[in-house]
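Q: sharing a model that was predicted from the sequence below.
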Number of protein chains: 2
Amino acid sequence: MTEKLSETTRGPLLEPLFATGWAMVEGRDAIQKTYKFKNFVEAFGWMTQVAIWSEKWNHHPEWFNVYNRVEVVLSTHDVEGLSALDAKLARKMDALAS
Amino acid sequence: MTEKLSETTRGPLLEPLFATGWAMVEGRDAIQKTYKFKNFVEAFGWMTQVAIWSEKWNHHPEWFNVYNRVEVVLSTHDVEGLSALDAKLARKMDALAS
């Protein structure tokens, strides 16, 4: 079962992400990050890898792309806020971008 | 050379697109359309096909995706407005979505 992050689980899961450039979305229990790549092929190649993991985990991002830039917002619709799945997908995105 | 659409070329190129659901973006010489698919796999599969044509034509969309929805904006950076490339990419997007 997916659950909204509790006060105690929130820190340990989110703090490492804030250290890599993730931030809370203003007025929403969601996290955001903007990735910049060398060009469109690199950006969309990364999106394609993320897309396959997203579908496998049945957890999909909100994302905007223009050329080499991808702006991502993660949140869990079912719990109307952040869950452990968001942290997991965020870590995967960072790993695939590095 | 890519050129901004003139008053005379604009109508013939854009009218057929307006008929398929494209619309002008408020306050910008750009066109937009929202596509809805059956699910994420269909949506991202379509994006992947569009991405390859975009790169081939060196003309990239601004697009936002969440699950089965893709919101697209097309405009030509080099001419600060619409060019024939936007109409060409819009027609390709429609063809790939149909």
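A: That came in fine, so what should we check first? Please read these numbers as outputs of a predicted model, since none were measured by experiment.
Q: does A:L82 touch A:L5 like I think?
A: Yes. In this structure A:L82 lies within contact range of A:L5 using Cβ atoms under 8 Å: 4.8 Å. In short, each C-beta sits where N, CA and C put it, glycine included.
Q: you'd agree A:N65 is in a helix?
A: No. Counting by DSSP: H, G, I helix; E, B strand; the rest coil, one finds A:N65 to be strand, located in no helix.
Q: was I right about it contacting A:E42?
A: No. Using Cβ under 8 Å as the test, A:N65 is too far from A:E42 to be in contact (11.5 Å).
Q: neighbour count: those two, which is higher?
A: A:N65 (24 against 14; other Cβ atoms under 10 Å in any protein chain shown).
Q: that older thread, neighbour count: A:L82 and A:L5, which is higher?
A: Per other Cβ under 10 Å, whichever of A:L82 and A:L5 has more neighbours is A:L82, with 24 against 21.
Q: what about the more buried one, distance to chain B?
A: Per Cβ to the nearest Cβ, to the nearest Å, A:L82 is found 16 Å from chain B.
Q: ranges for the strands of chain A?
A: A:23-24, A:31-36, A:62-66, A:69-74 (DSSP state E).
Q: related to what we said a few turns ago, so what sits against both of A:L82 and A:L5?
A: In terms of Cβ atoms under 8 Å, 6 or more residues apart in numbering or on different chains, A:L82 and A:L5 are both contacted by the residues A:L14.
Q: now for A:L14, how many residues are close by?
A: Neighbours around A:L14, by other Cβ under 10 Å: 19.
Q: and the pLDDT for it?
A: We have a pLDDT of 97 for A:L14.
Q: show me what contacts it?
A: Counting by Cβ under 8 Å, 6+ apart, A:L14 has contacts A:L5, A:W22, A:I31, A:L82, A:A87.
Q: mind running it again at 7 Å?
A: A:A87 (Cβ atoms under 7 Å, 6 or more residues apart in numbering or on different chains).
Q: before we move on, what about A:T34?
A: Contacts of A:T34 (Cβ under 7 Å, 6+ apart): A:R69, A:E71.
Q: let's see it at 8 Å
A: A:T34 sits in contact with A:G21, A:R69, A:V70, A:E71, A:V72, where contact means Cβ under 8 Å, 6+ apart.
Q: can you select the buried ones from these in PyMOL?
A: Buried residues among the contacts of A:T34 (16 or more other Cβ atoms under 10 Å in any protein chain shown), as a PyMOL selection:
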select buried, chain A and resi 70+72
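Q: that concludes my questions; thank you for your assistance.
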